[in-house]
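Trainee: here is a sequence together with a model predicted from it:
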Amino acid sequence: MFSDDLKDVAVWPHDLRMHTAALLAAARIAEVMSRREESENTVLLRQVLDSFPADDCHVAPLRTLAAHVGTEDWEVSKLAANAAISTIFRRGLRRRPGSYGEYQVRKEALVAVPWIGIEANCCPVGWLPLLERAVAQVASCFDENALWGVRTLQIKEKFGTLRWYLSGGEGRVRVSIRLAEATSGITCLVCGRPGVLRPDLLWILTVCDRHYAEASDISSLGVSSRAYPQDASEFEVI
Ligand SMILES: [Zn+2]
């Protein structure tokens, strides 16, 4: 995420700012593995956090994280922040479709969004709510005319997480896309419940405990294929 993307962050909707803070905190945690000094992500995180009231409890663990970069309290702050980040990442998600018919209707609605189009067909059923949330967030900030020139080039699952390649779009659009990608790393691509990236499977997937057990017992490829049902018989009702 770049500072140019966030130049007007103080006027963004509350939820989008909260998601932005969580994305920056997650990026900071990832980079502290390799270096502990201040970084642009830390500076941006503090900038976004400054836009919240001091008593906003949702971002309190993220403030602690930003304050403890490079200190002995970092590990404790990281644990609390990780829990808060996961909660914030999954805020505002609908349940995944409950029937094949609903899956078709909701997927077609995404295909009809001009800046997404047919690439929505490549989204696993458990991650459909991630795309829907991004569409709602973008629609809350821009009308269709303002999105002229924004195009989805590709949507796919790669190494267990969502990849969403976009052409055009300013900061708020890109944050919504990054949020969908980040949330896919903690969301089962079959059922949409909380999941974990499982690198030990033959076919790396992000799945919940139940689908992990099935993937281990039967095959990760079999579970993966249920994420992309072609007809009602292949749709898993949960
Ligand atoms: Zn699952």
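Mentor: Okay, I see it.
Trainee: residues of the protein that sit close to the ion?
Mentor: By Cβ under 5 Å from the ion, the residues of the chain that approach the ion are 188, 190-191, 208, 211. C-betas here are computed from N, CA, C, even on glycine.
Trainee: between those residues, which is nearest Lys107?
Mentor: Val190 (15.2 Å; Cβ to Cβ).
Trainee: tell me the phi and psi of that closest one?
Mentor: Note on Val190: its backbone torsions stand at phi -90, psi -50 [degrees, to the nearest 10].
Trainee: related to what we said a few turns ago, farthest-separated two in the residues of the chain next to the ion?
Mentor: Pairwise distances across the residues of the chain next to the ion (Cβ to Cβ) peak at 7.7 Å, for the pair Val190 and Cys208.
Trainee: between those two, who's got more neighbours?
Mentor: Each of Val190 and Cys208 has its neighbours counted (other Cβ atoms under 10 Å); Val190 has more, 29 against 20.
Trainee: quick one: low-confidence ranges for this structure?
Mentor: For the chain, the stretches with pLDDT under 70 are 1, 32-37.
Trainee: tell me the domain ranges of it?
Mentor: 3-89, 100-184, 196-234 (automatic domain parsing).
Trainee: quick one on the thing from earlier: export the residues of the chain next to the ion as JSON lines, with columns for distance to Gly98 and secondary structure.
Mentor: Listed next are the residues of the chain next to the ion as JSON lines, based on distance: Cβ to Cβ, whole Å; DSSP: H, G, I helix; E, B strand; the rest coil:
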{"residue": "Cys188", "distance to Gly98": "15", "secondary structure": "coil"}
{"residue": "Val190", "distance to Gly98": "13", "secondary structure": "coil"}
{"residue": "Cys191", "distance to Gly98": "11", "secondary structure": "coil"}
{"residue": "Cys208", "distance to Gly98": "16", "secondary structure": "coil"}
{"residue": "His211", "distance to Gly98": "17", "secondary structure": "helix"}
